[in-house]
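Trainee: Give the three-dimensional model of this entry:
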Amino acid sequence: MPGLLRGVARTAVVAGTATAVSNRVSRRQSGRWAQQEAEQQAAAPPPAAAPPAAAAPLADDMTAKIEQLKQLSTLKEQGVLTEEEFAEQKRRLLG
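Mentor: Down below sits the predicted model:
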């Protein structure tokens, strides 16, 4: 039974990491598209006051990472993940 739980936990961690990576790639790509649009519209005058657009995706990304770290920590405390597995997943998430 512990082996089954460990396998399920690993799958959940991998899926969560894949989701985080996918979201990050999507945000990066939309940023590139926005930059290309801005370059095409360079002839138009800039708006009077533009809010910083980079703050929201950065905050969303950090919030997602914090949630995933909490999930990893919970799995480690429950004994589903070993210390080494926890360290590896944390390294993948943050690095």
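Trainee: can you tell me how far W33 sits from A59?
Mentor: 21 Å (Cβ to Cβ, to the nearest Å). Just so you know, the C-beta spots here come from the backbone N, C-alpha and C atoms, and that holds for glycine as well.
Trainee: Kindly state the pLDDT recorded for P47?
Mentor: At P47, the predicted lDDT confidence score is 56.
Trainee: got it, and A50?
Mentor: For A50, the pLDDT comes out at 56.
Trainee: ok, now M1?
Mentor: 64.
Trainee: 59 is where my numbering starts, stick with that
Mentor: From this message on, residue numbering opens at 59, which makes the last subject M59.
Trainee: Can you tell me the element the residue nearest the centre of the chain falls in?
Mentor: When Cα atoms, centre = their mean is applied to the chain, the residue found nearest the centroid is A78 (3.3 Å). Assigned by DSSP states H and E, A78 belongs to helix 60-98.
Trainee: tell me what that helix is packed against?
Mentor: helix 113-135, helix 141-152 (3 or more Cβ pairs under 8 Å, 6 or more residues apart in numbering; DSSP states H and E).
Trainee: now those as TSV including mean pLDDT?
Mentor: As requested, those are exported to TSV (pLDDT from 0 to 100):
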stretch	mean pLDDT
helix 113-135	82
helix 141-152	87
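Trainee: so which of those helices gets nearest A67?
Mentor: helix 113-135 (4.9 Å; Cβ to Cβ).
Trainee: so who does L63 touch?
Mentor: Contact analysis of L63 by Cβ atoms under 8 Å, 6 or more residues apart in numbering lists V138.
Trainee: re earlier: including mean neighbour count and distance to R68, could the helices and strands packed on helix 60-98 go into TSV?
Mentor: Putting the helices and strands packed on helix 60-98 into TSV (neighbours: other Cβ atoms under 10 Å; distance: least, Cβ to Cβ, whole Å) gives the following:
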stretch	mean neighbour count	distance to R68
helix 113-135	14	9
helix 141-152	14	7
